[in-house]
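Student: here's my sequence, what's the structure:
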Amino acid sequence: MINIAIIGAGPYGLSIAACLRQNGVPFRIFGRPMDSWKSHMPKGMLLKSDGFASNLHDPNNELTLKRFCAERNIAYGDSGIPVRLDTFTNYGLAFRERMVGELSDKHLVSLEKIDGGFQLGFEDGETVQARRVVLAVGVTHFGQIPATLAHLPQGYVSHSFQHHDLEPLRGRSVIVVGAGSSASDLAGLLHQAGAKVQLVARPKELKFHGKPEIGRHRSLWQQLRHPKSGLGPGLRNRFFANWPHLFYYLPESVRLKFVRTILGPSGGWFARDMVVGKVPLVLGYAIERAEVQNGKAILHLRGKDGSRRDVSADHIIAATGYKPDMDRLAFLSSEIRSNLKTLDRAPVLSPSFESSEPGLYFAGVAAANSFGPLMRFAFGSRFAASTIARALVKASAKEALPLASRQMATSEAVNR
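Tutor: As a prediction, this is how the structure comes out:
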């Protein structure tokens, strides 16, 4: 039985592995490196997060995004220069090679509770037993398609995470549903790829981040009133970015409200020019129902003023975000699933990210209800990785003491 198994090799899984490796704690990490970014984000995408907020975490900050870009002669700015998807993906792959080392590129298909730990089953038939398991599985398990669309036949509707290569949609009519960065990014990139795209959203206008003003002097009052943070400017964002351990102790109802409403739908500042004036926008409308007629997907919309409108296309893409739901993790055994205490379908976690199933930890978006919206961004990997690694190092040290005592007693008995 191994000590620790990490499932997932994105920013959170790799950061946790780097921290454990630095502390000399044995582990194995499983997953396809940077798979969510490499296979499930549209080619040509730009990250909404600033450069300084897009680092993976290792205890000594040996490989930051800034250092990676300097080594590869890639344009970089702490802010003001958007981070390209391929740059971030390649940075994560380099981080894995340099800071993590050995990784098993395989897919988990089963996780069961056994005496003393867990048994993990993989698609290639390998089984592994581990005392503790960290699930850092990313967002692709949790893509939400609204009920008004989910019933449509296969081929007429999909989620945005299913579209990395947009070339197959060239020349086709596409409706993108959503108001956030996934929707605006995808609509703009589809337009550039030659698709006939429309964007449908409930808000009456799209929101975009303001473009950073590089080099502009900010008074002390401005710095105090609107401080910078890894989640954007402002006191509230600074709290969510820098004090997730305090967020944890807010009342449940307050935490859930903040997770649902803070950092709501908005695109990166660079997306405005990709969408506004180029992509037809159908704003202020909700989907009442959807159907397929004569080979076209038709959306029947209702405006906030009661007006009605129909739009149709060859295909509909739901860029409607991600919501953690333990029932979506098909690899979890029924025993584990029934033992997990949840809040709004996400796991209830301890201050060290441990679930109600002892030895099972969750990192990333699944931890948002406990530690706040920070867990939806790569910037949260620092807090999550250092916190989880600290707990695992401590637990490993406690286990090592009895083992050392038994070995010493055995040695003394032999000597006698």
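Student: residues of stretch 386-399 that come out buried?
Tutor: 387, 388, 389, 391, 392, 393, 395, 396 (16 or more other CB atoms under 10 Å). C-beta coordinates here come from the backbone N, C-alpha and C atoms, glycine included.
Student: dump these into CSV; add pLDDT and distance to residue 50 as well.
Tutor: Rendered in CSV, the data for those read as follows (pLDDT from 0 to 100; distance: CB to CB, whole Å):
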residue, pLDDT, distance to residue 50
387, 98, 23
388, 98, 25
389, 97, 25
391, 97, 29
392, 96, 30
393, 95, 31
395, 91, 35
396, 88, 35
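Student: specify which member of these is nearest to residue 175.
Tutor: Residue 175 lies nearest to residue 388 out of those, by CB to CB, at 40.3 Å.
Student: work out for me the element the closest one sits within.
Tutor: If you go by DSSP states H and E, residue 388 is part of helix 381-415.
Student: also residue 186?
Tutor: Using DSSP H and E, residue 186 sits within helix 181-192.
Student: remind me what that helix packs against, helices and strands.
Tutor: Packing partners of helix 181-192 (3 or more CB pairs under 8 Å, 6 or more residues apart in numbering; DSSP states H and E): strand 173-177, strand 196-201, helix 272-275.
Student: pick out the shakiest of these, pLDDT-wise.
Tutor: The weakest mean pLDDT among those belongs to helix 272-275, with a mean of 94.
Student: what segments of the stretch 251-400 of the chain are strands?
Tutor: Here the stretch 251-400 of the chain has its strands, by DSSP state E, counting those that start in this stretch, at 281-283, 285-293, 296-303, 308-313, 315-318, 342-343, 346-347, 360-362.
Student: reformat those as JSON lines; add distance to residue 12.
Tutor: Listed next are the strands of the stretch 251-400 of the chain as JSON lines, based on distance: least, CB to CB, whole Å:
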{"stretch": "strand 281-283", "distance to residue 12": "34"}
{"stretch": "strand 285-293", "distance to residue 12": "33"}
{"stretch": "strand 296-303", "distance to residue 12": "35"}
{"stretch": "strand 308-313", "distance to residue 12": "35"}
{"stretch": "strand 315-318", "distance to residue 12": "24"}
{"stretch": "strand 342-343", "distance to residue 12": "20"}
{"stretch": "strand 346-347", "distance to residue 12": "14"}
{"stretch": "strand 360-362", "distance to residue 12": "10"}
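Student: for residue 353, find the nearest of those strands.
Tutor: For residue 353, the closest of the strands of the stretch 251-400 of the chain is strand 360-362, at 4.8 Å, according to CB to CB.
Student: the closest one - contacts with which helices or strands?
Tutor: Secondary elements touching strand 360-362 (3+ CB pairs under 8 Å, 6+ apart): strand 127-135.
Student: quick one: the helices in the stretch 51-200 of the chain?
Tutor: Remark: helices assigned in the stretch 51-200 of the chain by DSSP state H, counting those that start in this stretch are 65-72, 85-95, 147-150, 181-192.
Student: distance from the chain centre to the last one, please.
Tutor: From the chain centre to the centre of helix 181-192 is a distance of 19 Å (CA atoms, centre = their mean, to the nearest Å).
Student: buried sites along that helix?
Tutor: Neighbour counts over helix 181-192 (16+ other CB under 10 Å) mark 181, 182, 183, 184, 185, 186, 187, 188, 189, 190, 191 as buried.
Student: how about residue 341, phi and psi?
Tutor: The phi/psi pair for residue 341 (degrees, to the nearest 10) reads phi -80, psi 130.
Student: contacts only, for it.
Tutor: Contact analysis of residue 341 by CB atoms under 8 Å, 6 or more residues apart in numbering lists 347, 348, 355, 356.
Student: cool, and residue 159?
Tutor: Residue 159 sits next to 143, 144, 145, 317, 318, 319, 320 when contact means CB under 8 Å, 6+ apart.
Student: repeat for residue 205
Tutor: Here residue 205 is in contact with residue 283 (CB under 8 Å, 6+ apart).
Student: going forward, begin numbering at 550 instead of 1
Tutor: In the new numbering, first residue 550, that becomes residue 754.
Student: am I right that it is in a strand?
Tutor: No: the assignment for residue 754 (DSSP: H, G, I helix; E, B strand; the rest coil) gives coil, which keeps it out of a strand.
Student: surely residue 871 touches residue 691?
Tutor: Yes: here residue 871 lies in contact with residue 691, judged by CB atoms under 8 Å, at a distance of 4.3 Å.
Student: okay, and the common contacts of these two?
Tutor: Overlap of the contact sets of residue 871 and residue 691 (by CB under 8 Å, 6+ apart) consists of residue 914.
Student: ok, residue 949 to residue 574 distance?
Tutor: Distance of residue 949 to residue 574, computed by CB to CB, to the nearest Å: 10 Å.
Student: neighbour-wise, which of the two wins?
Tutor: Set side by side, residue 949 and residue 574 show more neighbours around residue 574, with 17 against 11, by other CB atoms under 10 Å.
Student: mind putting the helices and strands packed on helix 730-741 in CSV, mean neighbour count and distance to residue 929 included?
Tutor: Listed next are the helices and strands packed on helix 730-741 as CSV, based on neighbours: other CB atoms under 10 Å; distance: least, CB to CB, whole Å:
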stretch, mean neighbour count, distance to residue 929
strand 722-726, 24, 27
strand 745-750, 23, 26
helix 821-824, 18, 26
